[in-house]
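1. 3D, please:
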Amino acid sequence: MRTIRVKRTFFIAILLVLTGAWGHAQSAADGPAKPATPAAGATSIEDLNYRGGAAVMPPFADSVVDVNSGFRRALLSKGMALRLISSTQFAEDILKAPAAADQQAFVGDRAYLDSLAHVILTSDLRQLGLHHAQLHVSGVWNWTSWEAAGPKTFEFWSLNVYKEFGRDRAEIKAGYNSNELDFVGMQVGGSTASGVQGVYAVLPYEVGMAYFPLTAPEFNLLVRGPSHTYVKSGLQRSLDADGGPATERRNHTGLRFAPRGDKLLVIEEGGYRRQPSATERETWFRAGYMRNSTLYTDMANGKKEPGNHAAFALMDYQLTKPDPLKPWQGLYIGGSAMTAASKFNPYDRYFEARLYKFAPFARRQGDVASVLSTYTGHSSYFTNPLVTLGKSVWRNSGSVTGSYNIHLAPGNYLSLGLSYIRGAAITPRVDDTVTFAASYSLFF
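-> Predicted structure coming up:
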């Protein structure tokens, strides 16, 4: 049985590779997998890319649709851009037979599939006489084979306005969006094209921060200080205290402003971010705190109380820069530390160490290779009652993940990863797993 499962898993991986290779092959001169922050300018199509985020999307030049096509130029003449992103993900534990559908405990416990389509329309608002501004409107369809890992939904994702002030010294974003892309910076390399990353921190989501494909009204303010420093504040209506599926059930369109009981989440972040250049290596330190006034169940006494909170600190540094003409390339090292209120959240600690490299091979300029190690602590307020009921638990979990993100062709990314996980679920106490994961993404 194990041999059959391993063969089936890698057969799926081969199909994904062949599907991506159906496009034209990448050359050594292809663009980076990690684009720079879009440059301001009414005549630049990159000014219509995602703005104000801790993470960036690949540039329009890295797209299935030619950036110089008549379609792109016609929209750009009106200060507009249209983009479609699609992605399919697969994960499966290759060490054991699949669990029964009603006994699945973690992603990969049985063959897991997730698929999404994301349509984005942006405008630089030149028709209103505004400069360095953007209207961002998008909708998303998301399907998952296991709803506990992410809701099935078809809804608005963004409806917001972004504006810069004082020659990029300050910026605001107001409307509907997911703060997952604007705060903390958990994406490896700071790009949404990073693909497979292994186990990742859920602590900010436990505390109510909006994450893709879910949205919430927000108001964010960023102020840049001297010497690459910045401070950023966010006011966001919390997601449902019971998590993503409960949020989707109560707010199918994503546009309800204030569902009953969902209160205010305040996010504060400060940091130092120096972009890579011909003479400087990238350095990014960020730390912050979030507090939610929504009522959560206090697991210590069973009462509903406000005050759920989390704190975070992350650091990424570029160790090598082999080509001054392509300053984003090279080897990076990073680490994360997060904590959340133990009495409100099943996951209360998270630590991560990461090592990743852009352009790991001379002929693969757009690829990214990464190795991550994680540790997640489980709240005793959550695990002790389970033990009392006679259930088996993991008090913490750890993982090591190796992944490789392949830039197959413009707008085509295939990520393959293998994770060893000890404690893949809090309960039951499952055996150690080796999970194969693959994701294929298209940017139009």
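2. if you count contacts, what does the helix or strand where F351 lies end up packed against?
-> Applying DSSP states H and E as the criterion places F351 in strand 347-358. Judged by 3 or more Cβ pairs under 8 Å, 6 or more residues apart in numbering; DSSP states H and E, strand 347-358 is in contact with helix 203-206, strand 330-340, strand 368-378. In this view, the C-beta of every residue, glycine as well, is placed from N, C-alpha and C.
3. buried set for that strand?
-> Y347, D348, R349, Y350, F351, E352, R354, Y356, K357, F358 (16 or more other Cβ atoms under 10 Å).
4. now do the same contact list for the residue lying closest to the fifth one once chain neighbours are set aside.
-> Here the nearest residue to F351 in space, its sequence neighbours aside, is Y375; by Cβ to Cβ, 6 or more residues apart in numbering that works out to 4.6 Å. Neighbour list for Y375: R349, Y350, F351, E352, N396, S397, G398 [criterion: Cβ atoms under 8 Å, 6 or more residues apart in numbering].
5. state the mean pLDDT of the strand holding F351.
-> In this model, strand 347-358 has a mean pLDDT of 96.
6. burial measure for Q134, as a count.
-> Residues near Q134, counting by other Cβ atoms under 10 Å, number 24.
7. helix/strand/coil for it?
-> strand (DSSP: H, G, I helix; E, B strand; the rest coil).
8. now do the contacts for it.
-> D47, L48, R51, T122, S123, D124, L125, V161, Y162, K163.
9. which one is the most centrally placed residue in the chain nearest to, not counting chain neighbours?
-> The centre of the chain sits closest to Q187, judged by Cα atoms, centre = their mean, with a distance of 5.2 Å. Computed as Cβ to Cβ, 6+ apart, the closest residue to Q187 that is not its neighbour in sequence is A55, at 4.4 Å.
10. E147 touches P245, doesn't it?
-> Yes: using Cβ atoms under 8 Å, E147 is in contact with P245, at 5.6 Å.
11. more crowded one of those two?
-> A direct count of neighbours by other Cβ under 10 Å for E147 and P245 places P245 higher, at 17 against 13.
12. quick one: that one is in a helix?
-> Yes: if the criterion is three-state DSSP, then P245 is within a helix.
13. ok, now how distant is it from N142?
-> Distance, P245 to N142, by Cβ to Cβ, to the nearest Å: 12 Å.
14. shared neighbours, these two?
-> P151.
15. my guess is T88 contacts S115, does it?
-> Yes: counting by Cβ under 8 Å, T88 touches S115, with 4.7 Å between them.
16. can you list the strands that the helix or strand in which G234 is found pairs with?
-> In this structure, G234 is located in strand 229-237 according to DSSP H and E. Sheet pairing here is set by DSSP bridges, and for strand 229-237 it gives strand 216-224 (antiparallel), strand 264-274 (antiparallel).
17. helix or strand next in line after the last one, which one?
-> As assigned by DSSP H and E, the chain's next helix or strand after strand 264-274 is strand 283-292.
18. what's in contact with that following strand?
-> When contacts are defined by Cβ under 8 Å, 6+ apart, strand 283-292 is touched by residues 54, 183-185, 190, 204, 207-209, 228, 232, 238, 263-274, 306-318.
19. mean confidence score for the helix or strand just after it?
-> Next along the chain after strand 283-292, taking DSSP H and E as the criterion, comes strand 296-297. For strand 296-297, mean pLDDT is 98.
20. same deal with stretch 189-200?
-> Mean predicted lDDT for stretch 189-200 stands at 70.
21. quick one: end-to-end length of it, please.
-> The first and last residues of stretch 189-200 sit 14 Å apart, counting by Cα to Cα, to the nearest Å.
22. any idea how far F154 lies from D262?
-> Distance, F154 to D262, using Cβ to Cβ: 21 Å.
23. actually Q103, sorry about that
-> Counting by Cβ to Cβ, the gap from Q103 to D262 is 32 Å.
24. so the two - more neighbours on which side?
-> Per other Cβ under 10 Å, whichever of Q103 and D262 has more neighbours is D262, with 23 against 10.
25. could you look up the SS state of that one?
-> coil.
26. ok, it touching T294?
-> Yes: counting by Cβ under 8 Å, T294 is a contact partner of D262 at 5.9 Å.
27. and for these two, which residues touch both?
-> Joint contacts of D262 and T294 (Cβ under 8 Å, 6+ apart) are S238, A241.
28. ok, D367 - how many residues close by?
-> So D367, with other Cβ under 10 Å, has 23 neighbours.
29. do the same with the one 5 residues further on
-> Other residues lying near L372 total 24 when counted by other Cβ under 10 Å.
30. ok, it to I267 distance?
-> 24 Å.
31. pLDDT at A36, what is it?
-> A36 carries a pLDDT score of 46 in this model.
32. which helix or strand contains L386?
-> helix 380-388.
33. and that helix, what's buried?
-> Quick answer for helix 380-388 (16+ other Cβ under 10 Å): S380, Y381, F382, T383, L386.
34. just checking, next helix/strand downstream of that helix?
-> The first helix or strand that comes after helix 380-388 along the chain, using DSSP H and E, is strand 396-409.
35. list the helices and strands that following strand packs on?
-> For strand 396-409, the elements it packs on are helix 2-21, strand 368-378, strand 412-422, judged by 3+ Cβ pairs under 8 Å, 6+ apart.
36. what's the first-to-last distance across stretch 175-192?
-> Stretch 175-192 end-to-end distance (Cα to Cα) = 21 Å.
37. how far off centre is that stretch?
-> The chain centre lies 6 Å from the centre of stretch 175-192; the measure is Cα atoms, centre = their mean, to the nearest Å.
38. the closest residue to V207 other than its chain neighbours: what secondary structure?
-> Leaving aside its chain neighbours, V207 sits nearest to A310 (4.5 Å; criterion: Cβ to Cβ, 6+ apart). What three-state DSSP gives for A310 is strand.
39. ok, what's across the strand from A310?
-> Per DSSP bridges, the residues bridged to A310 are M290, A340.
40. out of the contacts of Q134, which are buried?
-> Among the contacts of Q134, those classed as buried by 16+ other Cβ under 10 Å are D47, L48, R51, T122, S123, D124, L125, Y162, K163.
41. give me the subset of these that lies in strands.
-> Among these, the members falling in strands (DSSP state E) are T122, S123, Y162, K163.
42. return the closest of those residues with respect to Y200.
-> Nearest to Y200 out of these is Y162 (Cβ to Cβ; 25.9 Å).
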